[in-house]
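**Q** need a structure here:
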Amino acid sequence: MLKVEALESAYGDSRILFGIDLEVKVGEVVTLLGRNGMGKTTTIRSIFGLLKPIGGRVLVNGEDVTGRPPHIVAQRGLGLVPEGRQIFPNLTVEENLVATARRPAGSPGKWTLESVYALFPRLKERRSNMGNQLSGGEQQMLAIGRALMTNPRLVVLDEATEGLAPLIREEIWSCLREIKNSGEAILVIDKNVDALARFADRHVVIEKGRVVWTGTTPDLLATPDIKNRFLHV
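**A** Numbers count the residues shown, from 1 in each chain. Next up is the predicted model:
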């Protein structure tokens with residue numbers, strides 16, 4: 001579904017990524033792990049064309065989309081839940097969802113208002129509320145629902161549960177498991193390694209813009225030193 005090869009990116013003269021390699025297969029959940037400031041969000045921005053890479057390639061279903069505009073990347077089947085949610089504060093919940101809705105050619109699409117409301121009943125209850133009237137957890141549900149309304153084949157979440165209360169975090173993890181079970185692939189950034197290990201298939205750890213470890217969930221659980229060396233503050 002997604003293959004990133006030797007990706008290099010920079011902000012001006014500040015080099016951030018030094019040859020990132022990762023891939024997400026169809027229906028697979030992959031995590032991108034690392035301490036703050038190690039290049040995780042820059043990797044996501046580079047994949048989506050929000051930051052033009054200076055080297056390497058981004059392939060979606062075998063097509064090279066390196067540096068293409070974000071709407072082109074989205075049309076190829078990638079949906080983004082950005083860090084900070086970035087919902088439209090002056091639109092209602094329902095308006096936020098339909099604003100970016102996209103249906104695959106010749107198909108009504110799996111993700112509709114009805115299916116998103118079934119996944120997040122709280123959004124249906126608040127469908128007439130403005131975006132700035134929602135709690136942090138509700139805003140994150142809305143950001144995920146908005147990405148799903150593009151009917152992606154791969155959902156990318158940058159800081160999936162940052163700043164959320166424990167009960168809301170568990171609700172988000174449960175919904176992500178449902179999304180996985182529905183057939184979507186997921187690439188997720190989050191600090192809660194234990195929660196990620198309960199449903200992710202593989203993990204990629206980066207340190208200072210380089211991949212320092214990759215492996216399956218059993219590999220990660222069998223190597224506790226990885227968390228101590230690269231993930232703990």
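
**Q** centre of the chain to the longest helix seen in the chain, how far?
**A** For the chain, the helix reaching the highest residue count under DSSP state H is reported as helix 166-181. For helix 166-181, the separation from the chain centroid amounts to 13 Å (computed by CA atoms, centre = their mean, to the nearest Å).

**Q** that helix packs against which elements?
**A** helix 113-119, helix 136-148, strand 185-189, helix 193-197 (3 or more CB pairs under 8 Å, 6 or more residues apart in numbering; DSSP states H and E). C-betas here are computed from N, CA, C, even on glycine.

**Q** between the two ends of stretch 139-157, what distance do you get?
**A** 14 Å (CA to CA, to the nearest Å).

**Q** ok, the closest residue to Q139 other than its chain neighbours - contacts?
**A** Of all residues not flanking Q139 in the chain, R85 sits nearest, at 4.7 Å (CB to CB, 6 or more residues apart in numbering). Contacts for R85 (CB atoms under 8 Å, 6 or more residues apart in numbering) come out as Q139, Q140, L142, A143.

**Q** same deal with G109?
**A** R102, R103, N151.

**Q** repeat that for 7 Å
**A** Residues in contact with G109 (CB atoms under 7 Å, 6 or more residues apart in numbering) are R103, N151.

**Q** same deal with E8?
**A** Here E8 is in contact with L17, F18, G19, P53, I54, G55, G56 (CB under 7 Å, 6+ apart).

**Q** could you rerun that using 6 Å?
**A** L17, I54, G55, G56 (CB atoms under 6 Å, 6 or more residues apart in numbering).

**Q** what would the contacts of R85 look like in a markdown table with distance to A200 and pLDDT?
**A** Shown next, in a markdown table, are the contacts of R85 (distance: CB to CB, whole Å; pLDDT from 0 to 100):
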| residue | distance to A200 | pLDDT |
| --- | --- | --- |
| Q139 | 24 | 94 |
| Q140 | 18 | 93 |
| L142 | 23 | 95 |
| A143 | 20 | 94 |
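
**Q** so which of the residues you listed comes closest to G34?
**A** Q140 (20.9 Å; CB to CB).

**Q** tally of neighbours for the closest one?
**A** 27 (other CB atoms under 10 Å).

**Q** ok, it to L134 distance?
**A** 9 Å (CB to CB, to the nearest Å).

**Q** please apply the same query to V29.
**A** For V29, the distance to L134 - CB to CB - is 26 Å.

**Q** count the neighbours of the closest residue to K180 other than its chain neighbours for me.
**A** Computed as CB to CB, 6+ apart, the closest residue to K180 that is not its neighbour in sequence is V29, at 5.4 Å. Here the number of neighbours of V29 (other CB under 10 Å) works out to 23.

**Q** for the longest helix of the chain, list every residue counted as buried.
**A** Across helix 166-181, burial judged by 16 or more other CB atoms under 10 Å covers I168, R169, E171, I172, W173, C175, L176, I179, K180.

**Q** so who does T42 touch?
**A** S9, I16, L17.

**Q** look at it and give its secondary structure.
**A** Assigned with DSSP: H, G, I helix; E, B strand; the rest coil, T42 falls in the helix class.
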